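# 3D, please:
(2 chains)
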Number of protein chains: 2
Amino acid sequence: MTPVVTIREIGRWVGQTVRLQGWLYNKRSSGKIQFLQVRDGTGLIQCVVVRSEVGDEIFARCDKLTQECSLTVDGVVRADERAPSGYELTVTDVNLIGPSHDYPITLKEHGVDFLLDHRHLWIRTPRQRAILKIRAEVMRAMSLYLDGHGFTRVDPPILTPAACEGTTELFHTRYFDEDAYLTQSGQLYLEAAAMALGKVYSMGPAFRAEKSKTRRHLIEFWMIEPEMAFFRHEDNLRLQEEFVSFVVKHVLDNCEPELRTLGRDVDKLSKVVPPFPRMTYDEAVAWLNQHGHDLKWGDDFGAPHETAIAEQFDKPVFIERYPTHLKAFYMQPDPDRPEVVLCADMLAPEGYGEIVGGSERIHDYYLLKRRFEEHQLPEEAYGWYLDLRKYGSVPHSGFGIGLERTVAWICGLEHVREAIPFPRMLYRLYP
Amino acid sequence: MTPVVTIREIGRWVGQTVRLQGWLYNKRSSGKIQFLQVRDGTGLIQCVVVRSEVGDEIFARCDKLTQECSLTVDGVVRADERAPSGYELTVTDVNLIGPSHDYPITLKEHGVDFLLDHRHLWIRTPRQRAILKIRAEVMRAMSLYLDGHGFTRVDPPILTPAACEGTTELFHTRYFDEDAYLTQSGQLYLEAAAMALGKVYSMGPAFRAEKSKTRRHLIEFWMIEPEMAFFRHEDNLRLQEEFVSFVVKHVLDNCEPELRTLGRDVDKLSKVVPPFPRMTYDEAVAWLNQHGHDLKWGDDFGAPHETAIAEQFDKPVFIERYPTHLKAFYMQPDPDRPEVVLCADMLAPEGYGEIVGGSERIHDYYLLKRRFEEHQLPEEAYGWYLDLRKYGSVPHSGFGIGLERTVAWICGLEHVREAIPFPRMLYRLYP
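This next block holds a predicted model:
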């Protein structure tokens, strides 16, 4: 019986007859030869059909194949250095499984709205497949790193009684007799879990009902949020640079065909090794002022500021110690300068902006209680979070990394919408 | 400098002085000796404080330590076969980090409502830690298996314009100008992804606004949903039994201390190896009728029926080929008997009920279109799903496995609520 193989592993079968199961991506014909570009979800390969070898009946069958029909192809595997995948199939038989007429996504250019309306089909193209494959490998790399460094995966709830940061930009739902909101971050829950399990991380969806349409924003996005007990700001930065470097290296090592499909400049990625450069917020403001940006101490950075700073470096850069009022209520003040907090944002190079935000958390009960009052956070909703400082509080730190932004950077995408299988954006909920 | 180590890896440091960072779980005293039970998120160890060795000052310091205070303990690691962890620490120094007064969860029994109200602290107990650790290992095992078998992880959207199965029991939210619902299953999206990537799986939250209070139901739960192109019912069952067996073996191999903490009978788990027994729905009805259950062909099974069937076996059992009208619209009819579908539920042993549901999916365009009409599913919402049969349809199958039910079974829990860090149940949204 002919072995059924995948395109990814076809190199193991050189000289042998195998069967592929897949879809017709494209077809070229030159009289007595047809070239079928076949994809099977693991890769793309050229299958050569020679009339004099397969006979008229099979050759005519191939003539009728249309874009994205499903089929099986039997043939002999040949190594071919000119082929993009390194291999070609010399076809001995072809059988149609499912027809495909008037496939909407032709091989010419389409507008992005049309492609997003057909996202369920758009993901079949080699470029979109490559992005989704890299996304999966980024997630795998993150788990590999954290599982290998003593972290326990913990899934914080999605439905929450109150917001982590502010109450605007939340999706609301009725939870039986109560009001519930979709989580923006699992951090507070992860802090509780870190007191139980030491080092923890989450990997799950988060939601922001933000009316913004930028190339960096999704309404529904995935975050990975490590949280570590007995961990200081300095430990946190070291972990982050090791973690991000590990992920990039994993993709370089495991996704060579996909990076090639995307035309990604891998030399740029290979520079992502620890340590990462660091600037304080103060230094960043001074640098921006020297370079024509009108900004005072205490102002937040916008995308143009982030891009200007990040462009100085060929790897991600940390901006540390922002003014306290710019950041979330739970961040630990710098003991030497309480007007700034022990936090850092990590900005990706090449204009991709912030991919990580993290900080040491307040571990003093009284300070946190004061912050609750300043921010008018109701103790009945957040009492449990205060408990973490009441019963065996310890210094702890954590960070959140945006999956789609990280994938967009690693893949070199213009917009995060391609970095998730079915993007949810302003006014886009379909398919 | 004294090396900071975790309890899990302390066996590597026998005879050496190390530092632990953790929390006081419990304390016993017998005059001149104190026994501190210290936990650090990776395990629990007994630390022995001898007055004549540490001196009065440190001994008095230990006297003041209270339940769940955080601390560092320095000491010499001793192998001790009588100790539950196999090791003890002979203390040389102790330092308090964070106090803990009137810790709410004492070491006596508490009611479950009280414990759920204090879930953020309850997870610190050795039993709850063990469950969460096993949950994390179950997720890791699932990814390891699927990533190692050619699957690509794909994250279907959580916010969807319409429901996968029925429209009741959905959480609703306003998505800008539209209505959106929280997903009950990513399956339809995964089918689209399988046509792009071959074999895919998701690992994410799902939601059922069900007003039921049983030991098997959560409002918010996690599902793992593999979906495979070019995959038949028979392939699906074989994959499921290998997958579940792999997960159980992984836990047996990696979570020995946690299973011991839970008092789990591991002999029962070690019987979970392929192949799993199979019954058709017809055979199950006949068997139930023979054993005192009043049930006709066409009736659905309840929990007592599932338990009765599963109790015959010492490993999970498949119930195959249910009547078409009992199952979801997208299931492929048995070609020899169209009144049943090519589906199977997997029932766990020991009364844990259904943990997996799966089927071959309809791949014929016209049959699926007819089902849409029969179930009055609007084509404007599901048109994209029909497209999958219009453009290169292939036989495909998939299944969904409930994470918390699987964890509850592997851990031997009475209720799924302990199998998730922060359970969401009927009227329970806090903490």
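# can you give me the helices for the stretch 251-400 of chain A?
Counting by DSSP state H, counting those that start in this stretch, the stretch 251-400 of chain A has helices at residues A:256-262, A:266-270, A:281-290, A:303-310, A:365-374, A:379-390.
# so where is the stretch 1-150 of chain A shaky, pLDDT-wise?
Within the stretch 1-150 of chain A, no stretch falls below the threshold (pLDDT under 70).
# returning to that earlier point: and chain B, which of the helices of the stretch 251-400 of chain A is closest to it?
Set against chain B and scored by CB to the nearest CB, the helices of the stretch 251-400 of chain A come closest in helix A:379-390, at 3.8 Å. Every C-beta, even on glycine, is put in place using the N, C-alpha and C of the backbone.
# and the helices of the stretch 251-400 of chain A as JSON lines, adding distance to chain B?
Converted to JSON lines, the helices of the stretch 251-400 of chain A look like this (distance: least, CB to the nearest CB, whole Å):
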{"stretch": "helix A:256-262", "distance to chain B": "11"}
{"stretch": "helix A:266-270", "distance to chain B": "21"}
{"stretch": "helix A:281-290", "distance to chain B": "29"}
{"stretch": "helix A:303-310", "distance to chain B": "23"}
{"stretch": "helix A:365-374", "distance to chain B": "9"}
{"stretch": "helix A:379-390", "distance to chain B": "4"}
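# quick check: which of those is nearest to residue A:327?
With CB to CB as the criterion, residue A:327 lies closest to helix A:281-290 of the helices of the stretch 251-400 of chain A, at 9.9 Å.
# how far is the closest one from where the chain is centred?
Relative to its chain's centre, helix A:281-290 lies at 30 Å (CA atoms, centre = their mean, to the nearest Å).
# contacting residues for residue A:153?
A:143, A:146-147, A:200-203, B:135-136, B:139-140 (CB atoms under 8 Å, 6 or more residues apart in numbering or on different chains).
# right, I mislabeled it, should have said residue A:15
Contacts of residue A:15 (CB under 8 Å, 6+ apart): A:76-78.
# could I get the helices of the stretch 251-400 of chain A as JSON lines with distance to residue A:22?
As requested, the helices of the stretch 251-400 of chain A are exported to JSON lines (distance: least, CB to CB, whole Å):
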{"stretch": "helix A:256-262", "distance to residue A:22": "16"}
{"stretch": "helix A:266-270", "distance to residue A:22": "27"}
{"stretch": "helix A:281-290", "distance to residue A:22": "50"}
{"stretch": "helix A:303-310", "distance to residue A:22": "40"}
{"stretch": "helix A:365-374", "distance to residue A:22": "57"}
{"stretch": "helix A:379-390", "distance to residue A:22": "51"}
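# now render the ones you listed as TSV, adding mean neighbour count.
Formatted as TSV, these follow (neighbours: other CB atoms under 10 Å in any protein chain shown):
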stretch	mean neighbour count
helix A:256-262	18
helix A:266-270	14
helix A:281-290	16
helix A:303-310	18
helix A:365-374	14
helix A:379-390	17
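# which of those helices sits closest to residue B:363?
The minimum distance between residue B:363 and the helices of the stretch 251-400 of chain A falls on helix A:256-262, with 27.9 Å, by CB to CB.
# what residues does the closest one touch?
Contacts of helix A:256-262 (CB under 8 Å, 6+ apart): A:43, A:84-85, A:126-127, A:129-131, A:133-134, A:251-252, A:266, A:269, A:411-412.
# try stretch A:405-412
A:130-131, A:134-135, A:138, A:216, A:244, A:247-248, A:251, A:259, A:262-265, A:269, A:348-350, A:352-355, A:413, A:415-416, A:418-419.
# tell me the helix or strand right after the strand ranked longest in chain A.
When chain A is parsed with DSSP state E, its longest strand is strand A:17-30. With elements assigned by DSSP states H and E, the helix or strand that comes after strand A:17-30 is strand A:33-39.
# neighbouring strands - and their directions - for whichever helix or strand comes after that next one?
Going down the chain from strand A:33-39, the next helix or strand is strand A:44-50, by DSSP H and E. Strand A:44-50 sits in its sheet next to strand A:33-39 (antiparallel), strand A:87-98 (parallel), going by DSSP bridges.
# between strand A:17-30 and strand A:44-50, find me the angle.
80 degrees (axes from the mean of the first three to the mean of the last three CA atoms, to 10 degrees).
# hang on, the earlier thing: is any residue of the longest strand of chain A near chain B?
Yes. Using CB under 8 Å from any CB of the partner chain, strand A:17-30 reaches chain B at A:21, A:23-24.
# do stretch A:61-68 as well
Yes. Interface with chain B: stretch A:61-68 contributes residue A:68 (CB under 8 Å from any CB).
# what is the longest strand of chain A packed up against?
Packing contacts for strand A:17-30, counted by 3 or more CB pairs under 8 Å, 6 or more residues apart in numbering or on different chains; DSSP states H and E, involve strand A:33-39, strand A:44-50, strand A:70-79, strand A:87-98.
# adding mean neighbour count and distance to residue A:297, write the ones you listed out as a markdown table.
Shown next, in a markdown table, are the helices and strands packed on strand A:17-30 (neighbours: other CB atoms under 10 Å in any protein chain shown; distance: least, CB to CB, whole Å):
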| stretch | mean neighbour count | distance to residue A:297 |
| --- | --- | --- |
| strand A:33-39 | 20 | 54 |
| strand A:44-50 | 21 | 53 |
| strand A:70-79 | 20 | 61 |
| strand A:87-98 | 19 | 60 |
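# shouldn't residue A:270 be in contact with residue A:252?
Yes. Counting by CB atoms under 8 Å, residue A:270 touches residue A:252, with 6.3 Å between them.
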